[in-house]
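A.B. asks: Provided below are the primary sequence and the corresponding predicted coordinates.
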Amino acid sequence: MVLRIRLARFGNKHKPFYNIVVAQARSARGSKPLEVIGTYNPLPIERHGIPDHLAPPRPFKDITLDKARAKYWLGVGAQASDPVWKLLNMARLLEEKPKTYQKA
Amino acid sequence: MAPRIQSRSVSNLLPYLTSSSSTSSHIPSLCSSSQSSRHFSVTATQQTKLRRQMFEWLATQGAGLKHHTPGDTNYLRMADGSQSNRPFPNNSYFISEPVLSEELRNEVYVRVKEQNKSPRAVSVELGIDMNRIAAVGDPLALPYARAVHEMIPTTPLAQAGERQTYHEPINDLPVHPATGAQIFYPVPESRPFTRIDAGRVFSGAPMLEKKAADKISHPSDLAEDVLQKPSTIEWVGKGEKARQVLQPADVRIPHPQLVQLARDRAAFPEERRAVAQRHAERLERQEKAEKERAARTADRRKRSTETIKPTDSRFAFRIQDAVFTEQTVGKDGRAPWAPGRRYGVPRNDRTRGTVKIPTRVNV
């Protein structure tokens, strides 16, 4: 069976928070994964109330990732889902996913 | 139903909001205006005794408080007519504490930012709490500050050659929650029991070994080691309940070096210069250690964090290294301190009857 690195949603309504998990591809989103290898908070953190010269230029989104484990699971054939592919691409663990369409 | 005062009239009660043309003649008109607004009522406006007295007072004694003298407080006077720092004469516990004057605030800024002195040293020199020193660097609300400084007591900056008056006590010891317990701990009379031992009892740590205890002549001896290497503080307890051993007050106060200075002064009353020299050296060592520690932390954070700014996104992405091992996430991968949200652990953040606000503060 295929192993997937994918997101598992936690958090409340309108407050998503994801664990980056390694799981069997056909298991439920909320089921216990083989392993948790990171987290992704899609809500941008904006530093309100701090002086402008200290504020980051752009609001940022937080990712934590155990790179060693991610590399291992990719090495044994785990496939990243599209959203995770983007994150792993930013962490320079995967090339950008080839597009299946050509822009005109 | 009690007569309602219209908001237009209420603003007249606040003397500093109205222009100088508004005089006490407004006050009687206030009563009449509230009467005339009741077009359909036949009953006379209720005028309670207290209300009448209030307007009488506003017209006589209170009239003097209508405009404040800049640079002076405008509080109610005591029964004997003297001005005090208690704005509410019946509440003797409410004391209007002075704030930093503009000159003193600027002096703090100059010493820390331009002369590059440490906040710790400036705090001792000027007698200002270290938290307040840190707050001086914050952005200012100048119009507000100007208006407020006219009306409340301030601590002035000492003239050249004068001794600076202390703004506030600077070496206050915060109450540690561990000291809240009442513990009956019998100690043989023959055994010395110091603040160090008391701290160990409060945190449930075993007695200090005799060899280690003999090395310490006074609890303040520990201060320097702990400040230089906070990691040397012992831990007790396991897992979630692990905690550091409570240190004696001599270590936990904001300026532990002052205890050593006072002890040196008492021990060597003749050698004032040498004592001052030792104090300066101690302060320097402390600051150096603190700076190095801050730099190390910043460096570690920088190395483990990577910020990526995709060109086609409004957001930046901050990727932090996390290590999901047995130590960081526990044996079953479900330790409460582990990164990420946990599986199989109910999040009772919405269940009825549970406390949802933080119930403890880690000091």
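C.D. replies: Sure thing, it's come through.
A.B. asks: At the geometric centre of the chain, which residue do we find?
C.D. replies: Just going to use chain A. A:Val84 (4.2 Å; Cα atoms, centre = their mean).
A.B. asks: ah, I was thinking of chain B
C.D. replies: The geometric centre of chain B, computed from its C-alpha atoms, lies nearest to B:Asn131 (Cα atoms, centre = their mean), at 6.3 Å.
A.B. asks: Give me the contacts around the helix or strand containing that one.
C.D. replies: Element membership of B:Asn131 [criterion: DSSP states H and E] is helix B:130-136. The contact list for helix B:130-136 (Cβ atoms under 8 Å, 6 or more residues apart in numbering or on different chains) reads B:100, B:105, B:108-109, B:112, B:119-120, B:122-123, B:167-168, B:170, B:254. From N, CA and C alone the C-beta is placed, and that goes for glycine too.
A.B. asks: give the contact list for the nearest residue to B:Glu224 once chain neighbours are set aside.
C.D. replies: Excluding the flanking residues, the one nearest B:Glu224 by Cβ to Cβ, 6 or more residues apart in numbering or on different chains is B:Arg282, at 6.9 Å. Neighbouring residues of B:Arg282 by Cβ under 8 Å, 6+ apart: B:224, B:257, B:260.
A.B. asks: Assign a three-state SS to the first one, would you?
C.D. replies: The one in question is B:Glu224. Look at B:Glu224: counting by DSSP: H, G, I helix; E, B strand; the rest coil, its state is helix.
A.B. asks: swap in the last one?
C.D. replies: Secondary structure of B:Gln260, reduced to three states by three-state DSSP: helix.
A.B. asks: List the residues that contact it.
C.D. replies: Counting by Cβ under 8 Å, 6+ apart, B:Gln260 touches B:220, B:223-224, B:279, B:282.
A.B. asks: Quick check, pLDDT for residue 28.
C.D. replies: Picking chain A for this. On pLDDT, A:Ala28 comes in at 95.
A.B. asks: oops, chain B please
C.D. replies: With respect to pLDDT, B:Pro28 has a value of 44.
A.B. asks: Residues of chain A that sit close to chain B?
C.D. replies: A:10-12, A:17, A:19-20, A:32-33, A:35-39, A:44, A:51, A:56-69, A:87, A:90-91 (Cβ under 8 Å from any Cβ of the partner chain).
A.B. asks: Please enumerate the strands of chain B.
C.D. replies: With strands called from DSSP state E, chain B shows them at B:99-100, B:154-155, B:235-236, B:243-244, B:305-308, B:316-321.
A.B. asks: so how many other residues sit close to the residue of the stretch 1-150 of chain B found nearest chain A?
C.D. replies: Residue nearest to chain A within the stretch 1-150 of chain B: B:Pro139 (5.4 Å; Cβ to the nearest Cβ). Neighbour count for B:Pro139, taken as other Cβ atoms under 10 Å in any protein chain shown: 9.
A.B. asks: Contact residues of chain B facing chain A?
C.D. replies: B:138-139, B:306-310, B:314-324, B:329, B:333, B:338-341, B:343-344, B:349-350.
A.B. asks: which of those count as buried?
C.D. replies: B:306, B:308, B:315-320, B:322, B:324, B:329, B:333, B:338-341, B:343 (16 or more other Cβ atoms under 10 Å in any protein chain shown).
A.B. asks: residues touching B:Ala198, list them.
C.D. replies: B:Pro248.
A.B. asks: just to revisit the earlier point, compare the contacts of helix B:130-136 and tell me which has the most neighbours.
C.D. replies: B:Val108 (26 neighbours).
A.B. asks: tell me the pLDDT at B:Arg146?
C.D. replies: On pLDDT, B:Arg146 comes in at 87.
A.B. asks: Next, find the distance separating it from B:Glu102.
C.D. replies: Distance, B:Arg146 to B:Glu102, by Cβ to Cβ, to the nearest Å: 9 Å.
A.B. asks: So if I had to pick from those two, which one is more boxed in?
C.D. replies: Neighbours per residue (other Cβ under 10 Å) separate B:Arg146 from B:Glu102, with B:Glu102 holding more: 15 against 11.
A.B. asks: For that one, list the residues it contacts.
C.D. replies: Residues in contact with B:Glu102 (Cβ under 8 Å, 6+ apart) are B:145, B:149.
A.B. asks: Try it again at 7 Å.
C.D. replies: Counting by Cβ atoms under 7 Å, 6 or more residues apart in numbering or on different chains, B:Glu102 touches B:His149.
A.B. asks: So how do I select the buried members of the residues of chain A next to chain B in ChimeraX?
C.D. replies: What follows is the ChimeraX syntax selecting those of the residues of chain A next to chain B that are buried according to 16+ other Cβ under 10 Å:
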select /A:10,17,19,20,33,35,36,37,38,39,60,61,62,63,64,65,66,67,69,87,90,91
